[in-house]
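quick one, structure for this:
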Amino acid sequence: MTAARPGPAFSVHDIPFSTYGSWFDLSPVVAEKTHADDLHLVSHQNGMHAVLRLMPLDPATGDRAATRVEATPGLLSWLGAAGRVDLAYQSPDTVRLRGEGLSLHLAAAAGTLTPFNGTYFFHDAAADAHVFTSYETGRRYRVTVLSGTVAAFGSQSLGAAERGLTIGSVGDGPWEIAVEEIDTARPRYVASAAFTKIVEAAQNAFTDFADTVAPWRSAATPAAELAAYVLWSATVHPASLVTRPAVLMSKHWMDKVWSWDHCFNALALAPGCPELAWDQYHLPFDHQDETGALPDSVTHSEVLRNFVKPPIHGWTLGHLRRRLTMPLGQDELAATYDRLERWTNFWLTARRAPGAALPHYQHGNDSGWDNATAFDPERVVVTADLAAFLALQMRELASLAQDLGRSDGAERWASAAEEIQTAMLDQLWREDRFVTQGVDSGETWSSASLLDLMPIVVGEHLPARISNVLAARIEAHLTPHGLATERPSSPHYLSDGYWRGPIWAPVTVLVEDGLRRAGHLRLADDISARFRTLCETHGFAENFDALTGTGLRDRAYTWTAAAYLLLAAAHVHRESH
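Model prediction:
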């Protein structure tokens, strides 16, 4: 294998430095919207926890050294006038650090140790290593000095104390250490490769992933490599409640798998990493409950069930089956059919009032559009987007049943899809718009939320007169940067209002696909182009200010990176055919 390119440079203030499979990252982001002065080793086991603080020092004075931080997928560096400190992942649970001209202060992030929280620090004589053991993560962080000098402080201290070590050089030579995230114990660390080889291997691993996920990338898709890095670096190995390799939404504070976010990551990965894509699709289904409901979210040590997420999984599966580059056996298809059928029946039973034709949400959170203005009058509501998603899901169940030779199921689900779409149009369509209906009050209303227009996802199955009206109304949500989730002229529009204005990746993909399937190609192309330019200019934030394009909230969100890869790949394909 030839040496790989270093990969795209990025700011660790926006995107954490990590590697495929790891449960920790290096970042100044230590909590939601909280940036520290120094980079920290931040673990995502048992939640998001800053464990270790890393600070380069000027060895002549012992003071903090003035440095700048540079990062590429394989190498993180602190660069100063007197020297540098470099860090690279040797494996998902081990990083190697090497310094020359600068020392390193490595300390527990927690300043106080109690019987219930904080970080205990001691020297492990058996492994000849220094160990930080964290109450918050339930893991240990073992530091082995490979070369150089070490001065430890706070060893075995209780209560309030600084705990850690300072690593420096002997003479003019470099120093080097290894830091491992371990459980209780493991054999003494022995260096098996030179630091330069570790960097080269890390760079090659990322380049191989990027070549697999985005082989079509070129100067015309300038954000593709960074999008690939966001997905690659946010992937964790199975652990605890995470039953499969999982792409977290972020290795910042949005460090979970939510039960609709995962769909977009699966689609982006499908052509190049089909097994990983299949795992993304099924991970929430591994936690499906006895009613058929999917959890709201899954992470290392927590499964939340107080809300659900919208049933876009039939829409996803249809696209996924066309995109996957591996064959799916009959057993896999049958198991998937059963899971998707149970998820659909949840909506038809637990979320449909007696005698009602259409199911309902119990809160905006169930829709994924937590605080959209469509939910302002009431929260327990019947909405057209839910009916539209279920109609698509039923059609996919019919297709799956046909492929499995279950003709009765195919006919039943095809009929059910027509029934729920007819009920959606009869009950919720009002001349030129869809309305929302309160379950308790029976009253209806419309809003300036893009949520009201989401039935465009039905695409070619919508009557042309309705499709044309929705397309025109969708166009009114377009800003120079993309689709505002609340029409900017609305009195309820908020620039950083979550679902009350900002641009979101999943909505963009769903709307673009529905428009394209309905024949509104010019508008679909426009939406795709604006979103791709937005990501190329402002990165892969959780959402974006619709009027300025500025990235908002979590700045390293995988479904945003996945949406870019999906739209960019489709654009490249159209241009070449």
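
how about the strands of the stretch 251-400 of the chain, start to end?
Secondary structure of the stretch 251-400 of the chain, counting by DSSP state E, counting those that start in this stretch: strands at 257-258, 297-299, 302-304, 381-382.

so which of those strands is nearest Ala277?
strand 257-258 (13.6 Å; Cβ to Cβ). (Each C-beta comes from the backbone N, C-alpha and C, glycine too.)

please enumerate residues in contact with that closest one?
Outside strand 257-258, the residues that touch it by Cβ atoms under 8 Å, 6 or more residues apart in numbering are 242, 246-249, 280, 283-284, 296-299, 309, 368.

what subset of these is buried?
242, 246-249, 280, 283-284, 296-299, 309, 368 (16 or more other Cβ atoms under 10 Å).

residues in contact with the residue of the chain most remote from its centre?
Centroid-distance maximum for the chain: Gly171 at 45.1 Å, with Cα atoms, centre = their mean. For Gly171, no residue meets the contact criterion (Cβ under 8 Å, 6+ apart).

so which of the buried ones among the contacts of strand 257-258 comes closest to Ala471?
Sorting the buried ones among the contacts of strand 257-258 by how near they are to Ala471, with Cβ to Cβ, puts Gly368 at the top with 22.2 Å.

how near is that closest one to Tyr281?
In this view, Gly368 and Tyr281 are 17 Å apart by Cβ to Cβ, to the nearest Å.

kindly report the same for Ala82.
From Ala82 across to Tyr281, the span is 50 Å (Cβ to Cβ).

and the two? Which one has more around it.
Tyr281 (23 against 16; other Cβ atoms under 10 Å).

nearest spatial neighbour of the more buried one, chain-adjacent residues omitted?
Leaving aside its sequence neighbours, Tyr281 sits nearest to Ala266 (Cβ to Cβ, 6 or more residues apart in numbering; 4.4 Å).

looking at it, Met55 is touching Leu104, isn't it?
Yes - between Met55 and Leu104 there is a contact at 7.2 Å, judged by Cβ atoms under 8 Å.

the two: which is more packed in?
The residue with more neighbours, out of Met55 and Leu104, is Leu104; 24 against 21, by other Cβ under 10 Å.

quick one: strands adjacent to the helix or strand harbouring that one?
Here Leu104, judged by DSSP states H and E, is contained in strand 103-108. Applying DSSP bridges, strand 103-108 is found paired with strand 49-57 (antiparallel), strand 164-168 (antiparallel).

now do it: distance to the chain's middle.
30 Å (Cα atoms, centre = their mean, to the nearest Å).

swap in stretch 486-497?
When distances are taken as Cα atoms, centre = their mean, stretch 486-497 is centred 25 Å away from the chain's centroid.

buried ones in it, by neighbour count?
Of the residues in stretch 486-497, those buried (16+ other Cβ under 10 Å) are 486-487, 490, 493-495, 497.

rewinding a little: indicate which one of the strands paired with strand 103-108 is closest to Trp347.
With Cβ to Cβ, the closest approach to Trp347 among those belongs to strand 49-57: 36.3 Å.

which residues touch that closest one?
Residues contacting strand 49-57 (Cβ under 8 Å, 6+ apart): 24, 26, 30-31, 36, 38-43, 63-65, 67, 78, 80, 85, 99, 102-109, 119, 132, 134, 136-137, 141, 164, 166, 168, 179.

repeat the analysis, applying 7 Å as the threshold.
Applying Cβ atoms under 7 Å, 6 or more residues apart in numbering, the contact partners of strand 49-57 are 30, 38-43, 63-65, 67, 78, 80, 85, 102-109, 119, 132, 134, 136-137, 141, 166.
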